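Engineer: dropping a prediction and its sequence here:
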Protein chains: 4
Amino acid sequence: MTKQISIQDILLNQIQIPVELFLAYKDLGLNEKEVMLLLQIQRFLQDRVDFPTPDQLAAYVTMDEKECAHLLRALIQKDMLAIKQQEREGEKLSEAYCLTPLWNKLFSSDIQQQEASTDGTIF
Amino acid sequence: MTKQISIQDILLNQIQIPVELFLAYKDLGLNEKEVMLLLQIQRFLQDRVDFPTPDQLAAYVTMDEKECAHLLRALIQKDMLAIKQQEREGEKLSEAYCLTPLWNKLFSSDIQQQEASTDGTIF
Amino acid sequence: MTKQISIQDILLNQIQIPVELFLAYKDLGLNEKEVMLLLQIQRFLQDRVDFPTPDQLAAYVTMDEKECAHLLRALIQKDMLAIKQQEREGEKLSEAYCLTPLWNKLFSSDIQQQEASTDGTIF
Amino acid sequence: MTKQISIQDILLNQIQIPVELFLAYKDLGLNEKEVMLLLQIQRFLQDRVDFPTPDQLAAYVTMDEKECAHLLRALIQKDMLAIKQQEREGEKLSEAYCLTPLWNKLFSSDIQQQEASTDGTIF
């Protein structure tokens, strides 16, 4: 009667979220409902559902379809979320959510290499 | 002027969250504020801060200290969060948050090995 | 000319491996080739390729197909890897690799709940 | 007698590795011993041991201290690994391993934002 879970199931079914999001969402002007909606979108993306509808999202959050649609619009207007056109092989153009604006805000737009002063002579 | 980020920084600063939490928190009767509070606790635990205060938590969520304390109590009463006594070497007993009740609810209390019918003769 | 990578690409394309594997594989009697073969299998499983052939594996390791097949057999005989029969909906029975024997060896077969002495009266 | 493990222990004790490493290390000219040595370094870094000695590394791989030192030198010469000077607050300059050269080779040195053609008018 109980659902059984293996270590393997746990390992293969996780979402990775930058610590930075937890540290800074408040400063970015986001609230918990908005963050969870973004994380639900990330989960759908990981599962290769690129453009979940407000209705699909509403099944997993404590908001109805209308509130989800409203928040999605607001997140796009605040430039935390984007919609991009994408082409999958053999298919016509489709839309996909893209969290790149959020990550860029969190990490700055200049992702750069760390300077590494190599010194290979110590051994 | 921009904060620089390396791939290494991204890799080493993430939180892993079971997909199951995103699929089922609504059914468990949790809302977004409660889930984010639990995830913030998980972040503190990962950073080896075992017992963040309501005040420490309030710095990262859109709730004040009082609302955090209220929600923490509620989460413990709903058996989503626990406080355990722990001993670190050379130190006296201290308290630590423990998300085990939440994971047990998500995964059932019977974590078990997958059955594996081994067949080593195919090659 | 350069391949561009986004933070999103990095976040969505990772493998999670228990630290315990890195700490204990030597004590389990595994060498680096065997561990990497197991991790390559984990990667295929995450990508929903449940039963990569020695030939498919050989494309990503410094071993030829024959050596891969030999090591796979050895891993099964050492009970680090298993093959299970699985049924996907609407499909006939197929085989799948299963790393459960490895995780069980690393974590013991009794995965259990942490004891949590709840004390909800502190705030 | 058995070691008990909780879901929480599993969640908090993992290493995240880009899938790209598993796909491309062979093409980069690395073998399994070298990759595992790099991953062991990553594990030490995650545990805030910034400059593990060949002796410390040898405890976890099927190589002795001398072979580890030799491989580390080779990895630095191949520009897969670097040593950087770092300053921790209140401490004098110390050395730390840095996997940035490896990630740069895997992902190219131009990490860039994905283009996102925002369209906020669909709901």
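Structural biologist: That came in fine, so what should we check first?

Engineer: list the residues that contact the residue most central in space within chain A.
Structural biologist: Closest residue to the average C-alpha location of chain A: residue A:42 at 3.3 Å, with CA atoms, centre = their mean. Contacts for residue A:42 (CB atoms under 8 Å, 6 or more residues apart in numbering or on different chains) come out as A:15, A:17, A:99, C:11. C-betas here are computed from N, CA, C, even on glycine.

Engineer: 10 Å - rerun?
Structural biologist: Remark: with contacts taken as CB atoms under 10 Å, 6 or more residues apart in numbering or on different chains, residue A:42 is in contact with A:15-17, A:21, A:97, A:99, A:102, B:22, C:8, C:11-12.

Engineer: keep only these that also lie close to chain D.
Structural biologist: A:16, A:97, A:99, C:8, C:11-12 (CB under 10 Å from any CB of the partner chain).

Engineer: now the residue nearest to the centre of chain A, what's its secondary structure?
Structural biologist: Put simply, residue A:42 is helix when judged by DSSP: H, G, I helix; E, B strand; the rest coil.

Engineer: show me the helices in chain A, by range?
Structural biologist: Using DSSP state H, the helices found in chain A span residues A:7-12, A:19-24, A:32-46, A:54-58, A:65-77, A:100-107.

Engineer: dump those to a markdown table, plus mean pLDDT.
Structural biologist: Shown next, in a markdown table, are these (pLDDT from 0 to 100):
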| stretch | mean pLDDT |
| --- | --- |
| helix A:7-12 | 94 |
| helix A:19-24 | 97 |
| helix A:32-46 | 98 |
| helix A:54-58 | 98 |
| helix A:65-77 | 98 |
| helix A:100-107 | 94 |
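
Engineer: so can I have a markdown table of these showing distance to residue C:47?
Structural biologist: A markdown table is the format used below for those (distance: least, CB to CB, whole Å):
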| stretch | distance to residue C:47 |
| --- | --- |
| helix A:7-12 | 10 |
| helix A:19-24 | 26 |
| helix A:32-46 | 12 |
| helix A:54-58 | 24 |
| helix A:65-77 | 29 |
| helix A:100-107 | 23 |
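
Engineer: ok, residue A:25 - contacts?
Structural biologist: For residue A:25, the contact set (CB under 10 Å, 6+ apart) comprises A:31-32, A:34-35, A:38, A:80, A:102, A:105-106, B:36, B:60-62.

Engineer: what subset of those is also close to chain C?
Structural biologist: Contacts with chain C within these, counted by CB under 10 Å from any CB: A:102, A:106.

Engineer: about what we covered before: of the ones next to chain D among the contacts of residue A:42, which is the most crowded?
Structural biologist: Neighbour counts for those (other CB atoms under 10 Å in any protein chain shown) peak at residue A:99, which has 25 neighbours.

Engineer: most widely separated two among the ones next to chain D among the contacts of residue A:42?
Structural biologist: A:16 and A:97 (17.1 Å; CB to CB).

Engineer: leaving out chain neighbours, which residue sits closest to residue A:33?
Structural biologist: Of all residues not flanking residue A:33 in the chain, residue B:32 sits nearest, at 4.7 Å (CB to CB, 6 or more residues apart in numbering or on different chains).

Engineer: any idea how far residue A:62 is from that neighbour?
Structural biologist: Relative to residue A:62, residue B:32 is positioned 6 Å away (criterion: CB to CB, to the nearest Å).

Engineer: of these two, who's got more company?
Structural biologist: Counted by other CB under 10 Å, residue B:32 and residue A:62 do not tie: residue B:32 has more neighbours, with 21 against 17.

Engineer: okay but that one is in contact with residue B:26, surely?
Structural biologist: Yes: applying CB atoms under 10 Å, one finds residue B:32 in contact with residue B:26, separated by 9.3 Å.

Engineer: the nearest residue to residue A:75 once chain neighbours are set aside: how many residues sit nearby?
Structural biologist: The shortest distance from residue A:75 to any non-neighbouring residue, by CB to CB, 6+ apart, is to residue A:81 (4.2 Å). By the criterion of other CB under 10 Å, residue A:81 has 25 neighbours.

Engineer: residue A:81 touches residue A:52, doesn't it?
Structural biologist: No: using CB under 10 Å, residue A:81 is not in contact with residue A:52; the gap is 11.9 Å.

Engineer: overlap in contacts, the two.
Structural biologist: By CB under 10 Å, 6+ apart, residue A:81 and residue A:52 have these common neighbours: A:41, A:72, A:97.

Engineer: and the second one, how many neighbours does it have?
Structural biologist: What it means is residue A:72. Applying other CB under 10 Å, we find 24 other residues in the vicinity of residue A:72.

Engineer: what of residue A:46?
Structural biologist: Residue A:46 is flanked by 16 other residues according to other CB under 10 Å.

Engineer: one step back: which one of the ones next to chain D among the contacts of residue A:42 is nearest chain B?
Structural biologist: Chain B lies nearest to residue A:16 out of those, by CB to the nearest CB, at 4.6 Å.

Engineer: what are the bridge partners for that closest one, then?
Structural biologist: residue B:16 (DSSP bridges).

Engineer: next up, the contacts around it.
Structural biologist: Residue A:16 makes contact with A:42, A:46, B:10-11, B:14-17, C:10-14, C:16, D:14, D:16, according to CB under 10 Å, 6+ apart.

Engineer: out of these, which two sit at the greatest distance?
Structural biologist: Most distant of the contacts of residue A:16, by CB to CB, are A:42 and D:14, 18.0 Å apart.

Engineer: can you check the pLDDT for the residue found closest to residue A:107 once you drop the neighbours it is linked to in the chain?
Structural biologist: Closest residue in space to residue A:107, ignoring its immediate chain neighbours: residue B:5 at 4.3 Å, by CB to CB, 6+ apart. Per-residue confidence (pLDDT) for residue B:5: 75.

Engineer: check residue A:26 too.
Structural biologist: 97.

Engineer: same check, this time on residue A:116
Structural biologist: 40.

Engineer: distance check, residue A:47 against residue A:56.
Structural biologist: Distance from residue A:47 to residue A:56, by CB to CB: 11 Å.

Engineer: excluding its backbone neighbours, what's nearest residue A:35?
Structural biologist: In space, residue A:35 comes closest to residue A:25 once its chain neighbours are excluded; the distance is 5.1 Å by CB to CB, 6+ apart.
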